[in-house]
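1. Only the shape, not the letters, is given here:
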């Protein structure tokens, strides 16, 4: 996947109790930029008003004016990064979403995908609700608005009771900040602390940047409230049967973020080692598809005779602007992103370690490039199992038909890609690479087709795309 | 008012049944630009999807990209121009407002001011509705969403039944376009026709530009539906007791727009003539405050011995950008907008015809300039009565205390402004200047304090301003 | 010309001896905006450094950022407005042009057109000069750079000695500001004073805005230097045989600017009166093509039986942005700019007063509109003679072939435009309308073909257009 | 230097003989983006006209409009990337610089630094030349403009004869494209070929992207002309005593670019190996400062007992926009760019391989971070010698006083940075790492102070900074 056009899902951040909360939220989003680069937003509050800034682009593009951050006043703030979508409704789906409820305003940012929204949306519309966006966040706000409870916390609990699927969310009210995680714990969300003040973040790398200590993850099925009194926890649902998204460990999360107590980096190295044991080679060198496969490739090389080398140079300038691709550009394709280093590859038997394969089309072009640069043999090793099934819990895979492994055997994939050998890490060895000490369990639905919770049939999705903003 | 910072209210347009409806809507908005220059938007539909573009600025600024108009597809479109506001929530209040109801999307654009929104809004919020904007349009959409009726037309009728105040609106659904006007007929809305196709517009000047014929005004209390079958009228309320905003005739509307069958220009000239009869002079020349007082000044000069002259040159470049005023600029004040023509004014007794006075501060500076340019005497004639009371039906007057005529006699105003004489047109002669053939009646609340319908007390308006967008 | 797409030439301003010179220059340019709306620039100096900001658009568009004016430091500043051009080299021709000479930097802004630049340019290029722009200003700077004189003043005098044609210019050095006008006095340039400080401006309307008193015009053939000691005059050439551009009085200059001691307004009114005497009518009403023909139309009506009326409403929002015209827009044509007032025109014999006719195509469309609005007869009266010849001294007329009067008789023009009668002011009566007290003489070359000084043949103008900026 | 704010010098590209030359130039600049990210420009020609687009920002920012590249017509184009500067004159220094000479226009892009410009500039100014920029390119254009030769080639040769210092340049005329390299060969410039068409590029990585074959470098002292007839070489000066900038091999050039026949990558690996031999360690792991030190670190680890690991994660989103740094941001400092991976570093003895140290302040903060992440010991190994002297040939080092090694011994530097040990590669071993087969010789002035050619004293640089653009 490191070589394909990547669509992460989202990153969220929440800050409470510091004078310049929006500035911290901005930097938090900055360190979570890899989780979504299409749009971002921050909502802050000083207890009286809410201040909001949303925009298309990376966080530095949106918040680059010197006065913008300063105008987001107050000691509470939440922020959201969104991944790249195509087509409909883009500007109106930027989060955090905010609305005025009966007792005051709230704002919400959300990472994941609910699986029972059609049912709820239909019920709400029949009851007279109107929708401005197609985000799951708006569903949650509508449910809260209809709650008869007095407290924001109780309204939120009522909404959490209704929704199903994958979600990690932060919510801001005048007087408190909330975080919640679904009972399966699909998407990450952790808590940081500094001088008795708390933040929430999708990944711990934001804590490092902001100088906060990692306390723990928000627990599956837990609602955490932070106000001027401190941190309050409420286990609103049984979270003992977790289904962490194993793809966060394979690819999504930064290697310098934690999972439980350890760094993601550790599990990726282990995947690489296990991969080398399952699919050894007699190659000269091991190279990675930078940067996402670096650690797995290092791990692989440590169990292999082949030497680790830097065989591909990545151009980090690609994809940062909305340039209209010309015909020439389309022909250049993968070369715009990667250039092989001839001196490293020439006359060598090369193992290429890639973290995952989705469509496979880009990998085919990349391995062609490597061969053109003089490699004698090209062997691909993938540090995760074949992706055969779509994800309904928030990972933006293409349709079933576009997944190269959906109907093909490994040998057929090898031929399609055109390499000398191909090995995928097995599901067993993948699960052997990730921690289980605390009863962690993982969602492997995209590999196995075993979906932890059922998903609504896609009988009518038309209404989602009735608007196009220009 | 011609010399004060002017805030018109809004302009609306609706187009149905032509291939490039959005392009016509754009040009319609262009000719209604005088009614609102802060923001604008267009929503179009091709029967399947809705396409939307909203933005801050004038319509040419928002729609200047060659691809924008082209991307607003379909043969139905509505558009909206908004006047300048300050402060809160500006971007989120741009119209047309659109939302997905149970049976499909609708979009609405609205001119006027409802007077019972607080009550309705509170009821809706208690029932779980959430609000994204502070516009009256959102109230109407919420009422429609909660209606149990099947048809868009019936939902709209149910909503119209609940709302009170001044409104002229256009509404777009997949399969039809609607226009409605409140039973008092406060704000204008007319119908144009060409080759069996119809458009709605705040003023008839848009019809002239688009090449449509003026058919008639939408009647007070009427709902008009246009679909592929043609035009259908429904009188949803008794509209026989009209209260047309007389200020539309004094100042808001363009002189080349129609009111009933005649041009606004005619009534303004008559106001000028009546003014000359009520307050004659022995001056040398009559000048207008361009451009809004031109016709009244011409009318005045036709009943006066004094010759009509161009004594003030207006700089039309002012106010078209959001330039930050510097100190020097503030000192220049009215000079940025008007320059007196020395040769015309020098040693003359001058009558200045102005259409109305709100605060009076700018007029004072302007008459000072005229005197500095050599005028021997300065006499002001106002082609409308003293504004003593705020407007609750959509005209953006300042608070009661800021109105120069609220507590002052005409003689006190004359002294405050510092001119040699001052005459206001009487309410009687104002009403004598405007048509009554068809039983037209007018709202003169800002002059007389007699409000046709009662207005909610302003007990809590806090929630309206809880958001600030950056 | 009031109804045609207008290309004025340029406006220039110079400020010396006040703390915020750039801010005054900005406001001066603002009041000269009618002379050029495509681009503008300001260069300021604090005696040590030069500060520069150039841009495309109107002055408020270019200088709207709150920090821009503040960063143009120092007590000396010059500014320049440029008219709309098409095609080549646009960004690189924005003035003021600045360059580092042997002894320090200078900046120059220029209005007019030199007639011997090809010869000079060729000589300079053969001598090794390189050109960045196609402006006359760059020629002057090159001549100054090559001067062996020590003083900026003497360098400038040497350059003035070489150049021929129409020019009014301001020049800024570290320690002084200069203004010069060609010996024929084609383009205007006046001097204002306040508290012993001086400014230069193309027209006196800028003095009014800035609160400076009009002292006098820079004399033809005069170089004026302003430094901290005051104002110094040097008559560098005989300026007794003036050829003021009479078109400045007919159309270019604002009516509230002065020419000599009187206001332009006065001469335009006189042109209207003379026109009515030369070409009387038996019409019902007289209307102007607003705003440029207003005063002439008023003057005409004062000598006519017909009543002055406002028969055309001008939309001032047109042409302020670089919107791509759509097909619909092109069809709308003149309607985007003018709307006839039906009530004024219907069943009337109408005299339309226009200041000048260039191509005539727009006037034809406009008179068609007037007729469609119900006018019984349409008579056109032009307050200047037929334009038969191109201008080489700075007025941006189209080529000879495009001038409607180049080969046509008045009767042929009348038929082409399609009106009931047509009358042009004669050259004699035009000259009778403008002052001669102080020996003023005028350039009427565009009417008569009598060019006061000869013009280079256009043997090679290719090099001027070798660059296109994107 | 990988961890310091980096200012590369420039990248240049030239394309001739293909229909969409500007598009290829754009992509070439894109692959040379690492050499300069502040500004860029392309000039193209179709034999008749020149087309030009310059701008601030990265190439995708400047050329992102779909119409821009299309408007740069013709089959010849040159392009230029510029590094980040501060302060004066930035917009006016964007290259390629273009000017109209006596016989037609030329455009030039240049990488390097001339050492005798003050003398030439002074002579030119005394002779009447005016300067628009402070670039060396303008000097060259002036020299060409003053040449009495007929041919562009001969004018250029005359100019090359006068200038001294480091330069690689491309020049475009109507009918040919030229490339030249100074006799010492400081800055790189290579030639690519495809189907008989040629391109020039600062580095060969652009050839790979565009699908051109690497032919050879432009030779020191060589002028190469490409026109429709093919490629013509002229050795205008003896180039046998080369002084290639060794820093191109240490840091500037991409590892996948060639130097002579081999890839830069190879020499960096060798530097790492030599470094491990000169300064061995008994550490647990070797990490690089990504990405510029990656290859050297790999090489080091291959000669060391310590294992290569990824201990620092680099955020590639930094520095791509002109965001105003806030106080919080300044405090975050190096953390915005690098995050240590705790699991990798904890309780380990760590060797950090860095390619070079300039000021040392950032490295100190980075090694502090590594220690805070749990590293037991931190040892720094630098794959180049101490930088003790400024560069006058185009590398943007700070002043002598700011260089940490200018007056300090290695032990003093170690203490200043605060690490357990510090080793620099010796000049001998550096030179041992780079090729000498073809008589290559290197400039090591920044390490040794031995400057191959003398440099003008900086007696007057005031005039360079007389302008500030806003």
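-> Done, it's in. No experiment lies behind these values; they were computed from the predicted model shown. Residues are numbered from 1 along each chain as shown, chains lettered A, B, ... in the order given.
2. got the contact list for stretch A:412-432?
-> A:246, A:250, A:270-271, A:274-275, A:277-279, A:281, A:352, A:357, A:360, A:363-364, A:367-368, A:377-386, A:404-405, A:408, A:410-411, A:433, A:442, A:444, A:447-448 (Cβ atoms under 8 Å, 6 or more residues apart in numbering or on different chains). (C-beta placed from N, C-alpha, C; glycine too.)
3. Go again with 7 Å.
-> Contacts of stretch A:412-432 with the rest of the structure, by Cβ atoms under 7 Å, 6 or more residues apart in numbering or on different chains, involve A:246, A:271, A:274-275, A:278-279, A:360, A:363-364, A:367, A:377-386, A:404-405, A:408, A:410, A:442, A:444, A:447-448.
4. Now do the buried residues in that stretch.
-> Using 16 or more other Cβ atoms under 10 Å in any protein chain shown as the test for burial, stretch A:412-432 gives A:413-414, A:417, A:419-427, A:429-431.
5. Tell me the secondary structure at residue A:73.
-> Three-state assignment for residue A:73 (DSSP: H, G, I helix; E, B strand; the rest coil): coil.
6. what about the top helix by length along chain A, distance to the chain center?
-> Scanning chain A for the longest helix, with DSSP state H as the assignment, gives helix A:264-278. Centroid separation between helix A:264-278 and its chain, computed with Cα atoms, centre = their mean, to the nearest Å, is 21 Å.
7. do stretch A:226-239 as well
-> With Cα atoms, centre = their mean, you get 24 Å for stretch A:226-239.
8. Repeat that for stretch A:195-203.
-> 19 Å.
9. Let me know the average pLDDT across it.
-> For stretch A:195-203, the mean pLDDT works out to 98.
10. which residues make contact with that stretch from outside it?
-> With Cβ under 7 Å, 6+ apart as the test, stretch A:195-203 has contacts from A:11-18, A:28, A:32, A:35, A:111, A:168, A:170, A:179, A:188-192, A:207, A:210, A:212, A:226, A:231, A:253-254, A:257.
11. ok, which of those residues also contact chain D?
-> For chain D, the contacts drawn from those by Cβ under 7 Å from any Cβ of the partner chain are residue A:254.
12. I'd like to know which of the contacts of stretch A:195-203 are part of helices.
-> Short answer: the contacts of stretch A:195-203 in helices (DSSP H) are A:28, A:207, A:210.
13. top of the residues you listed by neighbour count?
-> Within those, neighbour counts (other Cβ atoms under 10 Å in any protein chain shown) peak at residue A:28, which reaches 32 neighbours.
14. wait, that residue sits on residue A:13?
-> Yes: contact criterion Cβ atoms under 7 Å: residue A:28 and residue A:13 qualify, at 3.6 Å.
15. list the residues that contact both of the two?
-> A:79, A:201, A:206.
16. Pop out the phi and psi values for residue A:161.
-> phi -70, psi -30 (degrees, to the nearest 10).
17. Can you give me the pLDDT of it?
-> Reading off the model, residue A:161 has pLDDT 96.
18. Repeat that for residue A:92.
-> 63.
19. try the one 4 residues further on
-> Looking at residue A:96, its pLDDT is 93.
20. host element of residue A:429?
-> Using DSSP states H and E, residue A:429 sits in helix A:427-433.
21. Then residue A:365?
-> If you go by DSSP H and E, residue A:365 is part of helix A:361-372.
22. helix or strand right after that helix?
-> That would be, after helix A:361-372 and using DSSP H and E, strand A:377-382.
23. what angle separates that following strand from helix A:361-372?
-> 150 degrees (axes from the mean of the first three to the mean of the last three Cα atoms, to 10 degrees).
24. Report all helices and strands that strand A:377-382 contacts.
-> Contact analysis of strand A:377-382 by 3 or more Cβ pairs under 7 Å, 6 or more residues apart in numbering or on different chains; DSSP states H and E lists strand A:349-354, helix A:361-372, strand A:421-424 as its packing neighbours.
25. what sits against residue A:346?
-> Counted by Cβ under 7 Å, 6+ apart, residue A:346 has contacts A:373, A:374.
26. rewinding a little: go through the helices and strands packed on strand A:377-382 and name the closest to residue B:372.
-> Set against residue B:372 and scored by Cβ to Cβ, the helices and strands packed on strand A:377-382 come closest in helix A:361-372, at 74.3 Å.
27. Now do the buried residues in the closest one.
-> Buried residues in helix A:361-372 (16+ other Cβ under 10 Å): A:361, A:362, A:363, A:364, A:365, A:366, A:367, A:369, A:370, A:371.
28. How far away from the center of its chain is it?
-> Using Cα atoms, centre = their mean, the offset of helix A:361-372 from its chain centre is 26 Å.
29. does chain D sit close to it?
-> No: contact of helix A:361-372 with chain D (Cβ under 7 Å from any Cβ) is absent, the minimum separation being 9.0 Å.
30. That helix relative to strand A:349-354, how many degrees between them?
-> Using the same axes, to 10 degrees, helix A:361-372 lies at 160 degrees relative to strand A:349-354.
31. what about the residue of chain A positioned farthest from its centre, distance to chain D?
-> Ranked by distance from the centre of chain A (Cα atoms, centre = their mean), the top residue is residue A:347, with 38.3 Å. Distance of residue A:347 to chain D, computed by Cβ to the nearest Cβ, to the nearest Å: 14 Å.
32. Check residue A:213 too.
-> Residue A:213 is 12 Å from chain D, where distance means Cβ to the nearest Cβ.
33. Now for the residue nearest to that residue when sequence neighbours are not counted: which residues touch it?
-> Computed as Cβ to Cβ, 6 or more residues apart in numbering or on different chains, the closest residue to residue A:213 that is not its neighbour in sequence is residue A:193, at 5.4 Å. Contact partners of residue A:193, counting by Cβ under 7 Å, 6+ apart, are A:212, A:213, A:215.
34. which one among those gets closest to residue A:68?
-> Checking the contacts of residue A:193 one by one against residue A:68 (Cβ to Cβ), the nearest turns out to be residue A:212, at 23.4 Å.
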